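Undergrad: Test case, fold it:
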Amino acid sequence: MSGIEAWYMDESEEDQKLPHRLNPNQPVSLKQLEEIGVYYWKLNADIYENDPELQKIREERGYSYMDIITIHPDRLPDYENKVKMFYEEHLHLDDEIRYILDGQSYFDVKDKNDRWIRIAVSKGDLITLPAGIYHRFTVDESNYTKAMRLFVGEPVWKAYNRPADDFDIRKAYVNSLKGS
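TA: Prediction:
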């Protein structure tokens with residue numbers, strides 16, 4: 001599981017940018033993440049513009065749209081409010097695909113039992129969260145991450161804050177977990 005680390009989070013309401021590990025730490029494996037539909041690749045972010053491995057993933061999975069966002073107080077307008085908004089528990093009707101080009105941050109996802117898992121991502125990490133999974137995002141204490149956002153077709157920025165259990169995509173996601 002080189003390159004990615006995940007763990008169950010504590011219940012603390014402290015600063016969202018802190019690691020929030022349980023004591024003792026309860027790690028989560030890549031296999032456990034895949035069981036809830038979260039997938040991961042380690043790529044060379046220094047060559048992202050011409051990376052054949054990234055190109056292959058994009059072609060195989062139909063990621064036709066791409067843009068780049070820099071999340072930093074000096075680069076993102078209305079930074080504090082955006083970071084708060086990204087941290088609201090929500091889902092999307094499409095997969096969320098992010099490739100970290102620089103810096104580091106956290107994706108938090110809910111497991112089958114509604115427990116938060118924190119996934120630390122950093123330069124070179126490509127992660128996909130399935131449509132319908134409850135999740136949230138935050139920078140860490142460095143307050144900096146640069147990420148490529150990938151989409152199948154036109155980008156859809158709409159997030160649906162919890163509760164969103166009545167959406168067909170949420171029901172389909174929950175049903176997909178029943179066999180695993």
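Undergrad: The residue most central in space within the chain bridge partners, please.
TA: A centroid search over the chain (CA atoms, centre = their mean) returns Phe107, at 4.2 Å, as the residue closest to the centre. Beta-bridge partners recorded for Phe107 (DSSP bridges): Ile119, Phe137.
Undergrad: so what's it scoring on pLDDT?
TA: In this prediction, Phe107 carries a pLDDT score of 98.
Undergrad: where does the chain have low pLDDT?
TA: Within the chain, the segments meeting pLDDT under 70 span 1-3, 180.
Undergrad: what are the ranges of the helices in it?
TA: 30-35, 52-61, 79-86, 168-178 (DSSP state H).
Undergrad: now these as TSV including mean neighbour count?
TA: Where C-beta positions appear, they are placed from N, C-alpha and C, glycine not excepted. Formatted as TSV, those follow (neighbours: other CB atoms under 10 Å):
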stretch	mean neighbour count
helix 30-35	14
helix 52-61	13
helix 79-86	14
helix 168-178	13
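Undergrad: Distance of Ala147 relative to Phe107?
TA: Applying CB to CB, to the nearest Å, the value for Ala147 to Phe107 is 11 Å.
Undergrad: go on, Met148?
TA: For Met148 relative to Phe107 (CB to CB), the value is 14 Å.
Undergrad: Equivalent analysis for Ile57, please.
TA: Ile57 is 18 Å from Phe107, by CB to CB.
Undergrad: what's around the nearest residue to Ala172 once chain neighbours are set aside, how many residues?
TA: In space, and not counting its chain neighbours, Ala172 is closest to Gly132: 6.2 Å by CB to CB, 6 or more residues apart in numbering. By other CB atoms under 10 Å, the residues close to Gly132 number 26.
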